[in-house]
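Q: Provided below for reference: sequence and predicted model.
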Amino acid sequence: MKKLLSITIIMTLFLSYQPLQAQIVVPLGKGNFALKFNYIAFTDGFFDKLGNQDDGIYIGLEGYGKITSKFYLGGEIGQGGNITIGGEDIIFVPIEVNVKYTNEFTHNFVLDFGAGLSYSYAELTNQIFMVTTAEARNDWLFGGQIFTDLNYKINWFTIGLNFKYQITQGFKKEDLNLSNFRLGAQIGIMF
């Protein structure tokens with residue numbers, strides 16, 4: 001009799017656990033990828049002093065996997081730079097590892113906040129009307145970032161807005177860093 005009662009209790013707990021498991025909301029699926037199209041602006045006053053453009057475009061690809069129902073681990077890689085006809089050209093390629101917290105605050109709208117570390121390749125070239133006037137200078141920069149995204153889900157597809165602020169260490173042998181902020185849109189998929 002005790003054995004039958006024990007089995008009944010275990011089966012009841014098991015069966016009652018299943019519906020609770022199905023109700024857990026995973027805001028951006030088990031994993032997700034997004035393609036980003038952003039405006040990028042470098043914040044160091046170095047570029048203002050020389051009369052160079054300190055803003056331009058950035059295109060990036062991010063991917064995340066679920067670690068809990070609301071936390072995701074992933075990263076981003078992309079390339080950005082300023083848009084200039086003459087002066088200091090910037091090529092900036094951040095490689096990031098991030099963690100983000102997500103919350104579906106209303107039907108199909110997901111807001112997330114995150115932070116991470118980065119290791120970025122940067123190259124500066126002085127050009128005047130498409131002619132390089134000096135040898136390119138390059139460096140790898142450690143950094144960190146904070147960010148937020150707002151996504152709208154349509155089945156397995158997402159579309160949204162993003163904002164990121166990134167701090168980098170100083171460029172070697174020069175009094176400048178490539179700290180920046182990025183603002184833009186993204187399209188993605190969930191699985």
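A: Nice, I can see it. No experiment lies behind these values; they were computed from the predicted model shown.
Q: can you name every helix or strand that the helix or strand encompassing residue 150 contacts?
A: Per DSSP states H and E: residue 150 is located in strand 137-154. Secondary structure elements in contact with strand 137-154, counted by 3 or more Cβ pairs under 8 Å, 6 or more residues apart in numbering; DSSP states H and E, are strand 86-106, strand 109-128, strand 157-168, strand 180-190. From N, CA and C alone the C-beta is placed, and that goes for glycine too.
Q: columns mean neighbour count and distance to residue 32 on top of those, output as a markdown table?
A: Output for these, formatted as a markdown table (neighbours: other Cβ atoms under 10 Å; distance: least, Cβ to Cβ, whole Å):
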| stretch | mean neighbour count | distance to residue 32 |
| --- | --- | --- |
| strand 86-106 | 18 | 10 |
| strand 109-128 | 17 | 10 |
| strand 157-168 | 18 | 7 |
| strand 180-190 | 19 | 5 |
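Q: which one of the ones you listed lies closest to residue 43?
A: strand 180-190 (6.2 Å; Cβ to Cβ).
Q: OK, contacts around residue 153?
A: Residues near residue 153 by Cβ atoms under 8 Å, 6 or more residues apart in numbering: 28, 108, 109, 110, 190.
Q: go again using 10 Å as the cut-off
A: By Cβ atoms under 10 Å, 6 or more residues apart in numbering, residue 153 lies in contact with 27-29, 32, 104, 107-110, 159-160, 188, 190.
Q: these two touch, right, residue 118 and residue 146?
A: No: between residue 118 and residue 146 there is no contact under Cβ atoms under 10 Å: 11.3 Å.
Q: between the two, what contacts are shared?
A: Common neighbours of residue 118 and residue 146 (Cβ under 10 Å, 6+ apart) are 98, 166, 167.
Q: closest to residue 46 among those?
A: With Cβ to Cβ as the yardstick, the closest approach to residue 46 among the shared contacts of residue 118 and residue 146 comes from residue 167, at 15.1 Å.
Q: what's the local residue count around the nearest residue to that closest one once chain neighbours are set aside?
A: Excluding the flanking residues, the one nearest residue 167 by Cβ to Cβ, 6 or more residues apart in numbering is residue 179, at 4.8 Å. Neighbourhood size, residue 179 [other Cβ atoms under 10 Å]: 18.
Q: show me what contacts the residue nearest the centre of the chain?
A: Residue closest to the average C-alpha location in the chain (Cα atoms, centre = their mean): residue 76, at 5.3 Å. Contacts here follow Cβ under 10 Å, 6+ apart; on that basis residue 76 touches 34, 36, 60-64, 94-98, 116, 118, 145, 147, 164.
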